[in-house]
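> fold the following for me, if possible:
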Amino acid sequence: MAPGKQDSAETVETDDRDGGRARVIRIGGPDSPYDPSYHLLVRFDKIVEIVARERPDVLEIHSPYLAALGALRAPAQHYGIRTFQWHADFIDTYSGVLATTLARKEGLFAHAAARAIEPATRPLWGLVRGIARRCKATLVSSKWQVDKLSSHGVPRVERVPFGIEHTIFRPDARSDEARRKLLVLAGRDPNAEVPVLVGVGRFAVEKCWDVVIDAFLRVRKECDAVLVLFGDGPERGRMNVRAGGSADIVMPGFVKGREELARMLASADALVHGCPFETFGLSIAEAMSCGLPAVVPDRGGAAEMHVAAAGETYASGDAAACARATLSLLDRLSKGAPALHDAASASARRLPSVREQFERQIALYIDLLGAKAGR
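Residues are numbered from 1 along each chain as shown. This is a model prediction of the structure:
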């Protein structure tokens, strides 16, 4: 089940080599106020009705907001087990964004508000514990999230790292044609010898694209380079303003197709990432799987993905530090790019494939269902 513009149902073929299929049931709901491409799951009666009809073995809660409220209303006799998927660190993400914003302001009110943020989050962690206690397991994708949720008293936390399509996101996806396309997107000669930096992700406030853009503008004062940001979202307008009309920063939108994205990543020189709130950092993992060195903040899933042989870290939220880290990586690339590319792809290979991820998750669910049957 997922929210949508209107009620609908469709069966889609999956990439499973055994010819798997999936049925997507959408429940119509209003647009999200911040990003109208998202919709709100407000029809709790529909959620309960669909669960009663479908009788799933596993009822997964993928959001701590309205979806959780709806799923928690479903009677236990209508499903096997209920689990909680912790995809977004919503408490520390938005409190962190607020704290950063207040830190840039002067005045007694700003400082008092900043000090009040941490105590104000305690009831929210109580909400998370309340959801988790009514589920058989809470699934996370990174070790740092296991540690964080456990420290907040969340029970039964299980780590299942996200998988990567290693057969798609690979170093030999690199091509001269894709590199020329990147340069043309940036308005450069397709054969120019200039470093190409890329960023990938949703254009939302928590992704901290302001740090990446500000850092690049500093880098651009020291050396020639271009920055291509793939994605879209509600912050696009503010990002354009932040870029200040720089011809070397381009935002061509989303890339259609994973193969095309892999070619673009493998054909660039480095990834620059701004978000310190990632629960995993899938875009970083896919870029590194393509052999792309990365500049990442020193917090969150991005930091957990980092290996010194394949990139640089910087103090989260600090554009000047991000610029220094980017210049350091460009200098390293000028002296020995193959070693950095090899280290990045080798690091990503330690992560499971998408199929392995789901096999591990299904094995966990079978154990949980078996435990329930045993009782």
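> mind pulling up the pLDDT for Y94?
Y94 is assigned 85 on the pLDDT scale.
> what's the neighbour count on it?
17 (other Cβ atoms under 10 Å). Where C-beta positions appear, they are placed from N, C-alpha and C, glycine not excepted.
> please report how far it lies from F277.
Y94 sits at a distance of 9 Å from F277 (criterion: Cβ to Cβ, to the nearest Å).
> next one: N240
The spacing between N240 and F277, counted by Cβ to Cβ, is 23 Å.
> comparing the two, which residue is more hemmed in?
It is F277, of N240 and F277, that has more neighbours when counted by other Cβ under 10 Å, with 25 against 15.
> my read: the more buried one touches D89, true?
Yes. Assessed by Cβ atoms under 8 Å, F277 is found in contact with D89 at 5.6 Å.
> need the overlap of contacts for these two.
Contact criterion Cβ atoms under 8 Å, 6 or more residues apart in numbering; residues shared by F277 and D89: G300.
> re earlier: where do the contact lists of Y94 and F277 overlap?
Jointly contacting Y94 and F277 under the rule Cβ under 8 Å, 6+ apart are E206.
> now F203. Nearest residue, chain neighbours left out?
Of all residues not flanking F203 in the chain, G233 sits nearest, at 3.3 Å (Cβ to Cβ, 6 or more residues apart in numbering).
> wait, what's in contact with the one you found?
D35, S37, R202, F203, A204.
> pipe those into JSON lines and attach neighbour count and distance to E304 per row.
Output for those, formatted as JSON lines (neighbours: other Cβ atoms under 10 Å; distance: Cβ to Cβ, whole Å):
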{"residue": "D35", "neighbour count": "15", "distance to E304": "27"}
{"residue": "S37", "neighbour count": "10", "distance to E304": "28"}
{"residue": "R202", "neighbour count": "17", "distance to E304": "20"}
{"residue": "F203", "neighbour count": "22", "distance to E304": "23"}
{"residue": "A204", "neighbour count": "19", "distance to E304": "21"}
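> show me those residues that map onto helices.
Judged by DSSP state H, helices contain none of the contacts of G233.
> secondary structure class for F162?
Per DSSP: H, G, I helix; E, B strand; the rest coil, the secondary structure class of F162 is coil.
> so what does the longest helix anywhere in the chain touch, helix or strand wise?
Scanning the chain for the longest helix, with DSSP H as the assignment, gives helix 319-348. Helix 319-348 is packed against helix 209-222, strand 270-272, helix 282-289, strand 294-297, strand 311-314, with contacts defined by 3 or more Cβ pairs under 8 Å, 6 or more residues apart in numbering; DSSP states H and E.
> I'd like the next helix or strand past that helix.
Along the chain past helix 319-348, the next helix or strand (assigned with DSSP states H and E) turns out to be helix 354-374.
> pLDDT of that following helix, averaged?
94.
> helices and strands around it, which ones?
If you count contacts as 3+ Cβ pairs under 8 Å, 6+ apart, helix 354-374 packs onto strand 81-85.
> what angle sits between the strand it packs on and helix 354-374?
Calculated by axes from the mean of the first three to the mean of the last three Cα atoms, to 10 degrees, strand 81-85 forms an angle of 140 degrees with helix 354-374.
> list the strands paired with strand 81-85, with their directions.
Sheet pairing here is set by DSSP bridges, and for strand 81-85 it gives strand 58-61 (parallel), strand 138-140 (parallel).
> what does it contact?
57-62, 64, 68, 71, 74, 76, 131-132, 134-139, 365, 368-369, 372.
> ok, then the element right after that strand?
Strand 81-85 is succeeded, C-terminally, by helix 90-103 (DSSP H and E).
> how far is that next one from where the chain is centred?
Here helix 90-103 is found 17 Å from its chain centre; the criterion is Cα atoms, centre = their mean, to the nearest Å.
> now for that helix, which elements pack on it?
On a contact count with 3+ Cβ pairs under 8 Å, 6+ apart, helix 90-103 meets helix 108-133.
> one step back: now, of the contacts of strand 81-85, which are buried?
Buried members of these, scored by 16 or more other Cβ atoms under 10 Å, are 58-62, 64, 68, 71, 74, 131-132, 135-139, 365, 368.
> and the helices and strands packed on helix 319-348, which is most packed in?
Among the helices and strands packed on helix 319-348, strand 294-297 has the highest mean neighbour count (mean count of other Cβ atoms under 10 Å), at a mean of 28.
> can you read off the pLDDT for the residue nearest to L72 when sequence neighbours are not counted?
Spatial nearest neighbour of L72, excluding adjacent residues (Cβ to Cβ, 6+ apart): R134 at 6.0 Å. Per-residue pLDDT puts R134 at 97.
> which residues touch I284?
By Cβ under 8 Å, 6+ apart, the residues touching I284 are L271, H273, E278, A294, V296, G301, A302, M305.
> let's go with 6 Å and repeat that
H273, A294, A302, M305 (Cβ atoms under 6 Å, 6 or more residues apart in numbering).
> and of those residues, the nearest to T313?
Nearest to T313 among the contacts of I284 is A302, at 8.3 Å by Cβ to Cβ.
> and G374, how far is that from L368?
11 Å.
> and for F277?
Using Cβ to Cβ, F277 is found at 29 Å from L368.
> to A52, which of the helices and strands packed on helix 319-348 lies closest?
Distance to A52, taken as Cβ to Cβ, is lowest for helix 282-289 among the helices and strands packed on helix 319-348, at 33.5 Å.
> and the closest one, average pLDDT?
97.
> how far does it sit from the chain's center?
That offset, for helix 282-289, works out to 10 Å (Cα atoms, centre = their mean).
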